[in-house]
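J.: Just a sequence and a predicted model for now, questions to come.
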Amino acid sequence: MTFQNLSDQIEENRQAILNEDVNFLPLYYTFPRLKTLLPGLIRGDYFLCTAGSSIGKSKFVHFICAQLIALMQIKTKLKINIIFNSLEETEEKLKAMFFVQFLYSYGHELTYYQIMGYSEEPITDEQMRLVKEAKKYYRVEIEPYLEIVNIDSTVAFYNHVKARMSTKGTFTTQGYYTPNDKNEWWITVSDHLSCYVEEPGMTFAQTIKNFSFNLLRNQLGIKAGVINIVVQQQVNTKDQIEGNVKPKRLIDKSKPSADGLGDYKSTFRDATIVLGLWNPHAWEEHIPGNNYNGIDLSTGHYRVIRFLKTREARLEDKEMMVHFNGATNQFTEITKF
């Protein structure tokens, strides 16, 4: 990019703000304290979310996607297309969680099992009325922009994304993409990375490296402006950490890190943003007074979001405490940096 091109881009982005268009997808509507540190996602971002098993990383990514979809009600010109490659959960469950979150916004706290009737008590008439109301809203406002797939080949998923994008824009022979509508955005989600299969002629490590660096970061991200969200599990279990780490370092070593990605650290290098999710309740026996960062862990269900990598400089304090409601898939900011 020449300085002339960059100057033109700056002017174009300025004009977009004046016209109430969107240059980035803000996250601070959900987490207000991110406004100056991680305001949101820009075209081409690669967002890696990592955590241990059963911490809530898939739920966190689903929550972020739901918040981004809700942005279309605030920024009405936005058109956010999400291709969610769910390699663990069913399409039914993922879509049902949108209904759960919709009812939660009206003060009805239901689980997936309750709303689907996989429990002894049926939902109430009022809750059913809200489900029908949500159905109309989702059919018009969400369904055209949300696609849930189950594609376990990295190359096949990449090809599927390009084919879908080609219906709303144009690729050059070099792979650069121009949407028909400048307010059209594309997001891919891979949940999660270890569920992909080896590509022919490649080991699993080579498959992941090619997917992360070539297909996501370069082809879809840099060239096509797609925001790619990837869920990746930390490799060490609680038993392994307790068996190999000195007691005074247990808490630090139990938290998500680049080293915790094991043999697949290339994703950390390729990503522009890396967030780790940590469950302090799993380590309560090692936390003095059951108090973490001034929060009495017995007063609720909490998660710690660790900022392992951002586009900007390192954060002085890289953690943020949130309240976690697993039943309704809600994450609520409760502490400052």
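T.: Nice, I can see it.
J.: what comes up buried for stretch 175-186?
T.: 177, 179, 184-186 (16 or more other Cβ atoms under 10 Å). Where you see a C-beta, it was placed from the backbone N, CA and C, and this is true even at glycine.
J.: Let me know the closest of those residues to residue 223.
T.: Of all the buried residues of stretch 175-186, residue 177 has the smallest distance to residue 223: 6.7 Å, by Cβ to Cβ.
J.: Now do the contacts for that closest one.
T.: 165, 169-171, 223-226 (Cβ atoms under 8 Å, 6 or more residues apart in numbering).
J.: so what's it closest to, chain neighbours aside?
T.: Spatial nearest neighbour of residue 177, excluding adjacent residues (Cβ to Cβ, 6 or more residues apart in numbering): residue 224 at 3.8 Å.
J.: Give the burial count for the one you found, as a bare number.
T.: Residue 224 sits with 22 neighbouring residues when counted by other Cβ atoms under 10 Å.
J.: just checking, it touches residue 186?
T.: Yes. In this structure, residue 224 is within contact of residue 186 by Cβ atoms under 8 Å, at 7.4 Å.
J.: which residues do the two both contact?
T.: What both residue 224 and residue 186 touch, as defined by Cβ under 8 Å, 6+ apart, is the set residue 165.
J.: Can you flag which of the contacts of residue 177 belong to helices?
T.: Using DSSP state H, the subset of the contacts of residue 177 located in helices is residue 165.
J.: could you flag which of the contacts of residue 177 are buried?
T.: Listed as buried from the contacts of residue 177 are 165, 223-226; burial here means 16+ other Cβ under 10 Å.
J.: Just the closest of the contacts of residue 177 to residue 190, please.
T.: residue 226 (11.9 Å).
J.: Please name the nearest non-neighbouring residue to that closest one.
T.: Distance criterion Cβ to Cβ, 6+ apart; nearest residue to residue 226, sequence neighbours excluded, is residue 220 at 4.0 Å.
J.: and the one you found, how many residues sit next to it?
T.: Residue 220: 24 surrounding residues under other Cβ under 10 Å.
J.: Now that it has come up, it's in contact with residue 158, right?
T.: Yes. Counting by Cβ under 8 Å, residue 220 does reach residue 158; the two are 7.0 Å apart.
J.: so where is this structure shaky, pLDDT-wise?
T.: 1, 312-317, 335-337 (pLDDT under 70).
J.: the helices in it, which residues?
T.: 3-18, 57-74, 91-104, 112-115, 125-141, 154-165, 204-209, 238-244, 250-254, 266-270.
J.: Residue 305: which of those is closest?
T.: Short answer: helix 57-74, nearest of the helices of the chain by Cβ to Cβ, at 8.2 Å.
J.: Tell me the buried residues in that closest one?
T.: The neighbour-count check on helix 57-74 (16+ other Cβ under 10 Å) flags 57-72 as buried.
J.: Please apply the same query to stretch 84-97.
T.: Neighbour counts over stretch 84-97 (16+ other Cβ under 10 Å) mark 84-87, 89, 93-94, 96-97 as buried.
J.: Just give me the closest of these to residue 139.
T.: Closest approach between the buried residues of stretch 84-97 and residue 139, by Cβ to Cβ: residue 96, at 14.9 Å.
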